[in-house]
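> How does the following fold in three dimensions:
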Amino acid sequence: MKPRLRILTWHIHGNYLYYLAHCNHDFYVPVKEGRPEGYGGRCGTLPWPENLHEVPAEQVARVPLDCVLFQSRKNYEVDQHEILAAPQKELPRIYLEHDPPRETPTDTRHPVDDPATLLVHVTHFNDLMWDSGSTPTRVIEHGVTVSADARYSGELARGVTVVNGLRKRGRRLGLDVFERVRQQVPIDLVGMQSEELEGLGEVSYRQIGAFVSRYRFFFNPIRYTSLGLAVCEAMMLGLPIIGLATTEMVTAVENGVSGYVSTDVRALIAHMRRLLADPDEARRLGEGARCQALERFGIERFISDWDEAFRFVCGGTLRNAVSLARQ
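Down below sits the predicted model:
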């Protein structure tokens, strides 16, 4: 049996950290008083597993580690220099990039330019769009699980959108698209701060599956970001997906099989209305979505991909390749 690895990372995206902790390794997350951004540890309502350990930030330098996993530019440029000991800064390292480039879609250089660091993207779209320089990259697509007793019923003749902080995040996450659609189709908004838009508020991880599965379809209004975990989870539950044909969404949703994507919002509204009027068609598309999710976004594949990445960097393969290239 291969030894478990000890990996330091930060709490950047709670749901992603929860799925990452399904890997058979020990994860250490630093915490600070007041739990500011990146230092939230095991906060929130997620059912954190026992292999996710909180460590006071001032004690991180004394923790024996095998690998450092950065998840934000601040982790890489600021946090590591504040909490890591000098030897820890020389450990095998991975930078997990959650998002596509913001400055320009095609010409933004990634902040990491280091052939000895593995840059992991969560979608092939992100890998395509970032200029990664000399940094080696690989893609590890999302892996999700849903409650075994939460399955699509579609009993509510309404759509549902799950986005945190939609009002303050604006056009990039499709605030205007959501409001335009909501004027013509009944849709509920769920997520943190959704009350600001007359939404239903945050629903806990333990309840969200059963809650969302009652809706006729899932609507993703986001213009430009990574493929959302909420989309993958909705597919796994068996909801048909309606969304914009941008970024990785065009590969995740197949028109007429698992839902519909288009850059024409009017066409999307027409598809929504048809699903509201035809629950059998909605169920057929939802079954297609679940089949695609099981094949592409299964948690076991996700665990295997991450285990391979961790052992690749910790086994010295990457650094040996760098050393040979420099000779």
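
> Surely Gly165 is in contact with Leu197?
No: using Cβ atoms under 8 Å, Gly165 is not in contact with Leu197, being 10.1 Å away. Where you see a C-beta, it was placed from the backbone N, CA and C, and this is true even at glycine.

> the more surrounded of those two?
More neighbours surround Leu197 than the other of Gly165 and Leu197, with 16 against 13 (other Cβ atoms under 10 Å).

> right, and the more buried one touches Leu166 too?
Yes: the pair Leu197 and Leu166 qualifies as a contact (Cβ under 8 Å) at a distance of 6.2 Å.

> where in the stretch 201-327 of the chain is pLDDT low?
Per-residue confidence for the stretch 201-327 of the chain (pLDDT under 70) gives these ranges: 317, 319-327.

> Can you show me the helices along it?
Per DSSP state H, counting those that start in this stretch, the stretch 201-327 of the chain carries helices over the ranges 205-212, 229-237, 249-252, 265-277, 279-296, 299-314, 317-326.

> Provide the contact partners of the longest one at residue level.
Taking contacts as Cβ atoms under 8 Å, 6 or more residues apart in numbering, the residues outside helix 279-296 that touch it are 141, 144, 152, 154, 157, 216-217, 232, 234-241, 252-254, 256-259, 274-275.

> Identify the contacts common to Leu197 and Leu166.
The overlap between the contact sets of Leu197 and Leu166 (Cβ under 8 Å, 6+ apart) consists of 175, 178, 189.

> Let me have the residues you listed in CSV, extended by neighbour count and distance to Ala309.
Output for those, formatted as CSV (neighbours: other Cβ atoms under 10 Å; distance: Cβ to Cβ, whole Å):
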residue, neighbour count, distance to Ala309
Leu175, 19, 35
Phe178, 22, 35
Leu189, 25, 35
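
> Of those, which belong to helices?
Secondary structure from DSSP state H places 175, 178 of the shared contacts of Leu197 and Leu166 in helices.

> returning to that earlier point: out of the helices of the stretch 201-327 of the chain, flag the one nearest Ala85.
helix 299-314 (18.0 Å; Cβ to Cβ).

> elements contacting that closest one?
Contact analysis of helix 299-314 by 3 or more Cβ pairs under 8 Å, 6 or more residues apart in numbering; DSSP states H and E lists helix 14-20, strand 67-70, strand 93-97, strand 117-121 as its packing neighbours.

> could you dump the first one to PDB, C-alpha only?
Listed in PDB are the C-alpha atoms of helix 14-20, where the atom choice follows Å, rounded to 0.1, in the frame of the first residue of the first chain:
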ATOM      1  CA  GLY A  14     -15.300  25.100   0.400                       C
ATOM      2  CA  ASN A  15     -17.100  22.600  -1.800                       C
ATOM      3  CA  TYR A  16     -13.900  21.900  -3.800                       C
ATOM      4  CA  LEU A  17     -11.900  21.400  -0.600                       C
ATOM      5  CA  TYR A  18     -14.600  18.900   0.600                       C
ATOM      6  CA  TYR A  19     -14.300  16.800  -2.500                       C
ATOM      7  CA  LEU A  20     -10.500  17.100  -2.500                       C
END
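
> Summarise which helices and strands that helix is packed against.
Contacts defined by 3+ Cβ pairs under 8 Å, 6+ apart place helix 14-20 against strand 26-31, helix 229-237, helix 299-314.

> do that again at 7 Å, thanks
Contacts defined by 3 or more Cβ pairs under 7 Å, 6 or more residues apart in numbering; DSSP states H and E place helix 14-20 against helix 299-314.

> tell me which residues in the helix it packs on are buried?
Within helix 299-314, the residues scored as buried using 16 or more other Cβ atoms under 10 Å are 299, 302-303, 305-306, 309-314.

> for stretch 166-175, same thing?
Applying 16+ other Cβ under 10 Å to stretch 166-175 flags 166-167, 173-175 as buried.

> List the contacts of the residue most central in space within the chain.
Against the mean C-alpha coordinate of the chain, by Cα atoms, centre = their mean, the closest residue is Leu229 at 4.6 Å. Counting by Cβ atoms under 7 Å, 6 or more residues apart in numbering, Leu229 touches 15-16, 142, 144.

> residues near Met212, how many?
One thing to correct before we go on: residue 212 is Val, not Met. Neighbour tally, Val212, other Cβ under 10 Å: 24.

> And the strands in the stretch 51-200 of the chain?
Counting by DSSP state E, counting those that start in this stretch, one finds strands in the stretch 51-200 of the chain at the ranges 52-56, 67-70, 93-97, 117-121, 137-139, 156-162, 187-190.

> Need the ones you listed in TSV (columns: distance to Glu248 and mean pLDDT).
Formatted as TSV, these follow (distance: least, Cβ to Cβ, whole Å; pLDDT from 0 to 100):
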stretch	distance to Glu248	mean pLDDT
strand 52-56	27	98
strand 67-70	22	98
strand 93-97	13	98
strand 117-121	10	98
strand 137-139	10	98
strand 156-162	17	98
strand 187-190	22	98
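
> Format the ones you listed as JSON lines; extra columns: distance to Thr246.
Output for the strands of the stretch 51-200 of the chain, formatted as JSON lines (distance: least, Cβ to Cβ, whole Å):
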{"stretch": "strand 52-56", "distance to Thr246": "33"}
{"stretch": "strand 67-70", "distance to Thr246": "27"}
{"stretch": "strand 93-97", "distance to Thr246": "18"}
{"stretch": "strand 117-121", "distance to Thr246": "17"}
{"stretch": "strand 137-139", "distance to Thr246": "18"}
{"stretch": "strand 156-162", "distance to Thr246": "16"}
{"stretch": "strand 187-190", "distance to Thr246": "19"}
